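**Q** After the sequence you'll find the predicted model.
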Amino acid sequence: MLLLSLLTTPLLAQAWEKDHTYKFTVLHTNDHHGRFWNNEHDEYGLAAQKTLVDNLREEIQSHGGSVLLLSGGDINTGVPESDLQDAEPDFRGMNLIGYDAMAIGNHEFDNPLSVLRQQQKWAKFPLLSANIYQKSTGKRLFQPYALFNRKGLKIAVIGLTTDDTAKIGNPEYFTDMEFRKPATEAKEVVEELRAKEKPDVIIAATHMGHYDNGRHGSNAPGDVEMARALPAGYLDMIVGGHSQDPVCMASENVKQANYVPGTPCAPDRQNGTWIVQAHEWGKYVGRADFTFRNGTLTLDHYELIPVNLKHKVKNSDGTESRVYYTQEIAKNPGMVKLLTPFQKKGEAQLGIKIGSVNDHLEGDRSKVRFVQTNLARLILTGQMDRTNADFAVMSGGGVRDSIEQGDITYKDVLKVQPFGNTLVYVDMKGSEVEKYLAVVANKQVDSGAYAQFANVSLVADGTGVSEVKIKGEPLQQDKTYRMATLSFNATGGDGYPVISTLPGYVNTGFVDAEVLKQFIEQNSPLDAAKFAPQGEIVYKK
């Protein structure tokens with residue numbers, strides 16, 4: 001059990017009663033990414049989460065406590081059945097579980113703003129962000145905070161969204177939108193709350209990421225940096241998301257590298273602020289039990305509760321089985337009834353075979369952001385085929401999953417490309433191509449911006465490129481080349497040069513996943529070896 005104390009700055013006209021002990025528990029999830037249904041191994045899913053949260057509520061309330069259930073955002077994007085239905089099953093499922101509020105994540109903007117407005121209507125809880133503004137009016141686009149009364153204790157929850165959103169999202173959706181620095185907005189909102197509402201506890205529900213010791217690299221600053229930037233006592237707790245980590249600290253400023261489900265978990269603490277995050281996909285429900293007495297907030301206990309997570313074990317006969325890390329959680333019948341029609345509708349659309357491949361096509365995050373892969377090459381080949389392009393480029397972060405050997409369905413394709421970007425092309429002189437490649441080929445490894453190429457060979461040295469060849473031939477400065485890419489990168493996504501304003505630019509209107517789907521249909525059975533990189537992209541430090 002974790003027993004630690006945090007003294008908050010005294011507030012004027014406190015609502016709390018002297019010498020009275022208040023008990024409340026914060027339950028939290030983040031980075032749901034469309035996982036309303038359990039996976040093929042019967043792990044996680046909202047039906048089991050509903051049972052778990054119901055049981056926790058009953059236990060906590062029976063001991064005189066109350067519950068606040070928060071999400072760190074990114075409900076959208078990741079599972080085709082959810083994507084094709086604009087995450088309606090996810091929001092309706094969250095209603096049934098009883099979420100109190102969520103931070104707006106960057107993937108809430110993978111669709112036009114009109115879709116997010118519809119999701120706000122489906123949700124019976126507020127979607128919060130204090131740092132997103134409309135440029136034309138200078139006003140906030142979303143509710144900045146929500147207030148909750150838990151048995152006489154006044155709790156404020158502030159929403160904050162990473163200011164990387166405009167960079168890593170689809171620029172076409174952000175023409176009249178501005179993402180201001182979260183720490184600046186948090187300070188302003190806390191001071192406003194103290195003056196007007198005088199809450200006893202202030203929590204930030206964020207979608208900003210947790211980076212050990214504030215080392216955020218090419219990402220925008222996250223929760224650790226914000227906690228350090230604010231005056232001590234401004235935030236009691238940060239319920240985070242975005243980096244998709246189980247925030248369980250091994251030592252000061254260092255997370256456990258390979259957290260084992262069901263084992264103890266110590267949250268981070270920075271400048272008097274507790275920071276938590278529950279990995280991703282509803283794999284865990286985080287539980288933080290607090291007491292509040294005479295202005296002192298104490299974290300009595302913290303844990304990450306696995307939601308039917310399993311691990312492999314070897315049987316005596318040499319076969320493998322999957323067993324639960326902890327006890328099995330039954331599925332809530334009401335939730336199953338609610339979600340089944342959505343799941344069946346999605347399966348009917350997605351389960352049809354569209355082709356096959358004779359080997360693994362690599363799309364894992366640990367590969368596509370570091371090295372060239374055969375799946376990225378396949379995607380780009382399909383784009384060149386549709387546009388008659390000479391070469392193609394895209395962010396490695398746009399490849400979201402692998403494709404396994406065997407039959408391929410549309411569902412597999414949509415897992416790989418879930419964002420709904422459109423295919424574009426541009427005609428450029430060789431001199432322009434060289435300048436473009438000098439930028440994208442030197443994007444940082446281990447970031448979503450890391451570039452994947454097809455029909456290109458080059459040497460990148462950190463600042464420029466040399467020995468550039470297109471389709472195996474040396475680049476000619478005055479020759480015109482056609483490049484295929486996605487609307488996301490063409491309009492400046494991931495910091496790529498904007499090419500959408502060039503005279504030779506065409507947006508085909510074809511959706512990326514549909515382009516890949518058609519290429520697979522027309523070229524199956526696929527030979528994975530045909531798309532294997534041959535060392536064409538060389539990096540020299």
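**A** Great, that's in hand.

**Q** does residue 262 really touch residue 307, like I thought?
**A** No. Shown here, residue 262 and residue 307 do not form a contact pair, counting by C-beta atoms under 8 Å, at 11.2 Å. (Glycine included, C-beta is placed from N, CA and C.)

**Q** Quick check on the two: which one has the bigger neighbour count.
**A** residue 307 (27 against 17; other C-beta atoms under 10 Å).

**Q** Check what pLDDT that one gets.
**A** In the prediction, the pLDDT value recorded for residue 307 is 98.

**Q** Then residue 257?
**A** The predicted local distance difference test score for residue 257 is 90.

**Q** What of the one 10 residues further on?
**A** At residue 267 the predicted local distance difference test score is 98.

**Q** Dig out what the residue lying closest to it once chain neighbours are set aside forms beta bridges with.
**A** By the measure of C-beta to C-beta, 6 or more residues apart in numbering, the closest residue to residue 267 outside its immediate chain neighbours is residue 276, 4.7 Å from it. Residue 276 has the following beta-bridge partners by DSSP bridges: residue 239.

**Q** does the closest residue to residue 300 other than its chain neighbours count as helix, strand or coil?
**A** Using C-beta to C-beta, 6+ apart and skipping the chain neighbours, the partner closest in space to residue 300 is residue 289 (4.7 Å). Here residue 289 is recorded as strand under DSSP: H, G, I helix; E, B strand; the rest coil.

**Q** With residue 503 as the reference, measure out to residue 289.
**A** In this structure, residue 289 and residue 503 are separated by 62 Å, where distance is defined by C-beta to C-beta, to the nearest Å.

**Q** before we move on, which element is residue 520 in?
**A** Residue 520 belongs to helix 512-523 when assigned by DSSP states H and E.

**Q** I meant to write residue 93 there.
**A** Taking DSSP H and E as the definition, one finds residue 93 inside helix 88-97.

**Q** now swap in residue 363 and tell me
**A** When secondary structure is defined using DSSP H and E, no element contains residue 363, which sits outside every helix and strand.

**Q** dump the residue contacts of it.
**A** 373, 375, 376, 399, 400, 401, 402, 403, 416 (C-beta atoms under 8 Å, 6 or more residues apart in numbering).

**Q** which one of those residues has the most neighbours?
**A** residue 376 (29 neighbours).

**Q** right, and that one touches residue 399 too?
**A** Yes. Distance between residue 376 and residue 399: 5.3 Å, which falls inside the contact criterion (C-beta under 8 Å).

**Q** Domain-wise, how is this protein divided?
**A** Recorded structural domains for the chain (assignment: automatic domain parsing) are 4-343, 353-539.

**Q** Can you give the distance of the first one from its chain's centre?
**A** Put plainly, it is domain 4-343. The gap between the average C-alpha position of domain 4-343 and the chain average comes to 12 Å, counting by C-alpha atoms, centre = their mean, to the nearest Å.

**Q** before we move on, what about the last one?
**A** A distance of 22 Å separates the centroid of the chain from that of domain 353-539, by C-alpha atoms, centre = their mean.

**Q** That domain: end-to-end distance?
**A** 39 Å (C-alpha to C-alpha, to the nearest Å).

**Q** Report the buried residues of the helix holding residue 520.
**A** Within helix 512-523, the residues that qualify as buried by neighbour count (16 or more other C-beta atoms under 10 Å) are 512, 513, 514, 515, 516, 517, 518, 519, 520, 523.

**Q** Looking at the residues you listed, which has the smallest pLDDT value?
**A** Across those, the smallest pLDDT goes to residue 514, namely 84.

**Q** Roughly how far does that residue sit from residue 421?
**A** Residue 514 sits at a distance of 11 Å from residue 421 (criterion: C-beta to C-beta).

**Q** Residue 498 too?
**A** When distance is defined by C-beta to C-beta, residue 498 is 15 Å away from residue 421.

**Q** Compare those two (neighbour count), which wins?
**A** residue 421 (25 against 13).

**Q** so what's that one scoring on pLDDT?
**A** 88.

**Q** do the same with residue 379
**A** On the pLDDT scale, residue 379 is placed at 98.

**Q** Look at it and give its secondary structure.
**A** Residue 379 - assigned by three-state DSSP - is helix.

**Q** OK, contacts around it?
**A** Residues touching residue 379, when contacts are defined by C-beta under 8 Å, 6+ apart, comprise 394, 399, 416, 417, 452, 512, 516.

**Q** Give the buried residues for stretch 247-263.
**A** Buried positions in stretch 247-263, judged by neighbour count with 16+ other C-beta under 10 Å: 247, 248, 249, 255, 256, 259, 261, 262.

**Q** before we move on, what about stretch 190-206?
**A** Judged by neighbour count (16+ other C-beta under 10 Å), stretch 190-206 contains these buried residues: 190, 193, 194, 199, 200, 201, 202, 203, 204, 205, 206.

**Q** Also stretch 215-230?
**A** Using 16+ other C-beta under 10 Å as the test for burial, stretch 215-230 gives 216, 219, 220, 221, 222, 223, 224, 225, 226, 227, 229, 230.

**Q** Could you do stretch 440-457 as well?
**A** By neighbour count, with 16+ other C-beta under 10 Å as the criterion, the buried positions of stretch 440-457 are 440-443, 447-457.

**Q** the helices in the stretch 1-150 of the chain, which residues?
**A** Under the criterion DSSP state H, counting those that start in this stretch, the stretch 1-150 of the chain contains helices at 46-62, 80-83, 88-97, 113-122.

**Q** Quick check: which of those is nearest to residue 467?
**A** Shortest distance between residue 467 and the helices of the stretch 1-150 of the chain, using C-beta to C-beta, is found for helix 80-83: 40.4 Å.

**Q** So what touches the helix holding residue 93?
**A** Counting contacts by C-beta under 8 Å, 6+ apart, the residues outside helix 88-97 that touch it are 32, 34, 36-37, 46, 49-50, 53, 69, 71, 75-76, 81-82, 102, 119, 122-125, 334-335, 338-339, 342-343.

**Q** Quick check: ChimeraX command selecting the buried ones in those residues.
**A** In ChimeraX, the members of those classed as buried (16+ other C-beta under 10 Å) are selected with the following command:
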select :32,34,36,37,46,49,50,53,69,71,75,76,81,82,102,119,123,125,335,338,339,342,343
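
**Q** all helices for the stretch 151-300 of the chain, in order.
**A** Counting by DSSP H, counting those that start in this stretch, the stretch 151-300 of the chain forms helices over residues 165-168, 182-196, 223-229, given from the N-terminal end onward.

**Q** Throw those into a markdown table and include mean pLDDT and distance to residue 532, thanks.
**A** Converted to a markdown table, those look like this (pLDDT from 0 to 100; distance: least, C-beta to C-beta, whole Å):
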| stretch | mean pLDDT | distance to residue 532 |
| --- | --- | --- |
| helix 165-168 | 82 | 28 |
| helix 182-196 | 98 | 42 |
| helix 223-229 | 98 | 40 |
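
**Q** Of those helices, give the one that comes closest to residue 133.
**A** Across the helices of the stretch 151-300 of the chain, the minimum distance to residue 133, taken as C-beta to C-beta, is reached by helix 182-196, at 9.1 Å.

**Q** Does anything pack onto the closest one? Which helices or strands?
**A** Under the contact criterion of 3 or more C-beta pairs under 8 Å, 6 or more residues apart in numbering; DSSP states H and E, helix 182-196 touches strand 153-161, strand 201-207, helix 223-229.

**Q** which residues sit against the last one?
**A** Read that as helix 223-229. 160, 182-183, 186, 204, 206, 208-214, 216, 221, 235, 238, 240, 253, 268, 270-271, 273, 275, 277.

**Q** Nice, that's everything, thank you.
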